[in-house]
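K.L.:
From the sequence below, what's the structure:
(2 chains)
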Amino acid sequence: MSADDLTPRRTGDVLHREVRAPSDESERGPGGERLQHAEAASKPIRADAPREPQPRGARVRGNRPIDQAEAAERFLAAPMHQKAHDERLWDVRRKRDVAAHGIPEWEELRELASRIKTHTLTHLDRYLEQFEAAAEANGVHVHWAEDGAAHNRIVLDILKRHGARSLVKSKSMLTEECGFRHFMAAHDIDVIETDLGERIQQLDEEEPSHVVMPAVHKTRLDVADVFARTLGTDPDNDDAHYLAESQRETTRPLILKADAGLTGCNFAIAETGTVVTCTNEGNADLSGNVPPLQIHSIGIEKLLPRVEHLGVFIRLLSRSALGSPITQYTSHFRKPRTGSEMHFVLVDNGRSERLAMEEFWTSLKCIRCGACMNTCPVYRRSGGLSYGATYSGPIGLIIDPTFDKRKYSTLPFSSTMNGSCTNVCPVKINIHEQIFAWRRVLAEEHRIPLLKQGMMKAAGAVLSRPAAYRAAIQTADSALRVLPRFAVYNPANTWGKKREMPHAPRQSFHAWYRQNRMKKETDA
Amino acid sequence: MSARDAILTRLRANRPAGDFPLPEVPTFAPLVGDDLVAGFSERLGRMGGRVERAGGPADPFAPVRPRLDRATVIASAVPEFSGNRDLATVRKPADLADVDAAVVRARFGVAETGSVLFTEGDLIVNAVAYLAQHLIVLLDPADIVVDIQAAYRRSEFGQAAYAVLHTGPSATADIEGVLIHGAQGVRSLTVLLLPRKERAA
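P.N.:
Just a heads-up that it's a prediction; the model follows:
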């Protein structure tokens, strides 16, 4: 990078003197090298290009099927956003590879993690009872919620009993799943997101687009716009330090006077009744340690039997997510602070039902690292909001239909089936095989559009007969060579959208083999 | 039926068939060499933290003196240093919002990741480790364990009300991947390698 690239475009009045105008925005180590932790040190994008409005996510209409392709098309039509998103996630994916290769026992860890999860999920009743007993012995109040609505009611009840009106929240995908923020808004409870990415999304009235990096689809210009509109920052200052500092300074007073704090849960330990959270910003620890009332929302699949198992999962989580050896904060909450109250809400919301789904229950192993999203070509080019669901990317394709088979019926088709997601999954979920299984289930239940059904039926007929397949390939290859562009790149051919069709070889491998090898074998 | 019983009943009824024993977790060879202090320092550095060796007996705090001199409000949770904000008399955690620097001692360090561990006993008021602008951490070099696996064999995780591994200062990269220290928690974390008094004596 040249020195010019490192010159800041503009330096506004940052709120705290110490963060004024670093020459090269990214933090540096003692030796002057770029630091490679958190989701960080990607090459900052020099956004001197003209502004491009942020493409919005999928249009959600009740439980009508989400049109992911339509939303993806709009994302692709915003080249700055699309490029930034793609490069950023690929950068994180590469960091994951470096981190994984740095551990000789990586594959053994994945296998261990997968087997520990299998065991725990198949004995979940026992471990939940053990967890509950341990937590109660620690003086924690334990609640059980059958679904998202029950979770929200339980939390509201706790808040009401304490006369609490404001709650600081640390990012939790489970509460997104429950529609927690909207519910609380309707009951006059102020919910303040404390994670920077999640706060950006809250202020912009959007859902998170990624399980680890909620605002990864936004450029700094988008963030500058949102903050200028909602926090009163300088609309022309898009310095990342200035923006982050503005959020810190405006959120902190809200944290200090909040009546309650709520955090999610990365792991829950049955043996000790502990809730473990992994964050980089320290926001879970602020939410858990500052307000007098502390609530933890726990998906029941987060259980692990013993503390020693954390060693396996903590080593895998952040390396898979962002390529860093560990998150800045790995926090273990076990007992309430003196003079405060602590509540655990154990949430099912479809998880116990999913356990009965022979082909899909292992998706409950997911530790929400986002590695499958970062590696997925469809996700990287279409943005997480295009899925119109709490969980996007490959893991979303297999989880979402378990929540609503109609609404998310099209999602399992948003995959190239390259299998990369399965290869990076730290708990070895066979993601692409489950995506395929969903396609079959949905096709059997007639939950896919007629055009796709017809195409698949034709494909099935051709693929099941080798002679027909070879004839079709021959025809397609010749057709690709001779057809005019308008015939190939038209709306009926979805594969021609946004990509060039491959150059067809003069001769297929099969034809070549027949001509050269089979003939020789007969000669010999 | 209560929600609890309904959930547990479903989990039992829907349990996938098969025998899935809990695997033994083997002990893996450490990723760091024999010099745990060097391993710890290098890895904490990569995560944005700083490591200093304690100054001479006259002023063990010499390496962090400039940081402390700039601070108006200092909260100390260690006998080796007296601050001007008494953590023992804090009424509510939010009262620590004006702390510029906090001095605390870590239970132990982890060489594999450059992490330090605190419990509620070490912090006196947990929130001080997040509300302070800067954190100065005393760590006895003899208290460094080799890796995360070894860390989780320590008793703190089963005994403490709150146990937290800090690995550098608070960080975010939520805006275009630009790494920023001082996201919500402390802006800097400096580890001062200083043996415990009782051990030194």
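
K.L.:
When you work out contacts or count neighbours from here on, use the C-alpha atoms and nothing else.
P.N.:
Noted.

K.L.:
what residue ranges in chain A are flagged as low confidence?
P.N.:
Of all residues in chain A, those with pLDDT under 70 make up the ranges A:1-26, A:28-30, A:32, A:34-50, A:449-451, A:453, A:484, A:486-488, A:490-499, A:521-524.

K.L.:
which residue ranges form the strands in it?
P.N.:
Ranges of strands within chain A are A:141-145, A:166-169, A:190-193, A:260-263, A:267-269, A:274-279, A:293-299, A:303-304, A:329-333, A:341-347, based on DSSP state E.

K.L.:
what does the last one rub up against?
P.N.:
When you say that, I think you mean strand A:341-347. A:139-148, A:151, A:154-155, A:292-300, A:335-336 (CA atoms under 8 Å, 6 or more residues apart in numbering or on different chains).

K.L.:
Ok, the third one next?
P.N.:
Among residues not part of strand A:190-193, those counted as contacts by CA under 8 Å, 6+ apart are A:165-171, A:181, A:184-185, A:199, A:202, A:251, A:254.

K.L.:
Recalculate using a threshold of 10 Å.
P.N.:
With CA atoms under 10 Å, 6 or more residues apart in numbering or on different chains as the test, strand A:190-193 has contacts from A:164-172, A:180-182, A:184-185, A:198-203, A:251, A:254-255, A:258-262, A:283, A:287.

K.L.:
want to throw the strands of chain A into JSON lines with mean neighbour count?
P.N.:
Shown next, in JSON lines, are the strands of chain A (neighbours: other CA atoms under 10 Å in any protein chain shown):
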{"stretch": "strand A:141-145", "mean neighbour count": "19"}
{"stretch": "strand A:166-169", "mean neighbour count": "26"}
{"stretch": "strand A:190-193", "mean neighbour count": "22"}
{"stretch": "strand A:260-263", "mean neighbour count": "27"}
{"stretch": "strand A:267-269", "mean neighbour count": "27"}
{"stretch": "strand A:274-279", "mean neighbour count": "26"}
{"stretch": "strand A:293-299", "mean neighbour count": "25"}
{"stretch": "strand A:303-304", "mean neighbour count": "25"}
{"stretch": "strand A:329-333", "mean neighbour count": "25"}
{"stretch": "strand A:341-347", "mean neighbour count": "23"}
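
K.L.:
These: which one's closest to residue A:411?
P.N.:
Ranking the strands of chain A by proximity to residue A:411 (CA to CA) places strand A:293-299 first, at 23.2 Å.

K.L.:
tilt between the closest one and strand A:329-333?
P.N.:
Strand A:293-299 and strand A:329-333 meet at an angle of 100 degrees, taking axes from the mean of the first three to the mean of the last three CA atoms, to 10 degrees as the criterion.

K.L.:
Contact partners for the nearest residue to residue B:86 once chain neighbours are set aside?
P.N.:
Leaving out its chain neighbours, the residue that sits closest to residue B:86 by CA to CA, 6 or more residues apart in numbering or on different chains is residue B:75, at 6.4 Å. By CA under 10 Å, 6+ apart, the contact list for residue B:75 reads B:81-87, B:96, B:98-104, B:128, B:132, B:135.

K.L.:
Could you do residue A:53 as well?
P.N.:
A:78, A:80-81, A:218-219, A:221-222.

K.L.:
Please name the residues that touch residue B:33.
P.N.:
B:39, B:111-112, B:146.

K.L.:
distance of it from chain A?
P.N.:
Per CA to the nearest CA, to the nearest Å, residue B:33 is found 14 Å from chain A.

K.L.:
element containing that residue?
P.N.:
Element membership for residue B:33 (DSSP states H and E) is empty, with no helix or strand holding it.

K.L.:
Make sure residue B:127 is actually in contact with residue B:97.
P.N.:
Yes: between residue B:127 and residue B:97 there is a contact under CA atoms under 10 Å: 9.0 Å.

K.L.:
For the two, indicate the residue with more neighbours.
P.N.:
The neighbour count for residue B:127 versus residue B:97, taken as other CA atoms under 10 Å in any protein chain shown, is higher for residue B:127 (24 against 16).

K.L.:
on that earlier part again, sort out for me which of the contacts of strand A:190-193 are in helices.
P.N.:
Secondary structure from DSSP state H places A:180-182, A:184-185, A:198-203, A:251, A:254-255, A:283, A:287 of the contacts of strand A:190-193 in helices.

K.L.:
Can you say which of the residues you listed are buried?
P.N.:
Buried members of the ones in helices among the contacts of strand A:190-193, counted by 16 or more other CA atoms under 10 Å in any protein chain shown: A:180-181, A:184, A:198-203, A:251, A:254-255, A:283, A:287.

K.L.:
looking at chain B, which helix or strand is least sure?
P.N.:
The helix or strand of chain B with the lowest confidence, counting by mean pLDDT, DSSP states H and E, is helix B:197-200 at a mean of 66.

K.L.:
how about the longest helix belonging to chain A, does it reach chain B?
P.N.:
Longest helix of chain A, by residue count under DSSP H: helix A:79-101. Yes: against chain B, helix A:79-101 shows contacts by CA under 10 Å from any CA of the partner chain at A:84-85, A:88-89, A:91-92.

K.L.:
Much appreciated, bye for now.
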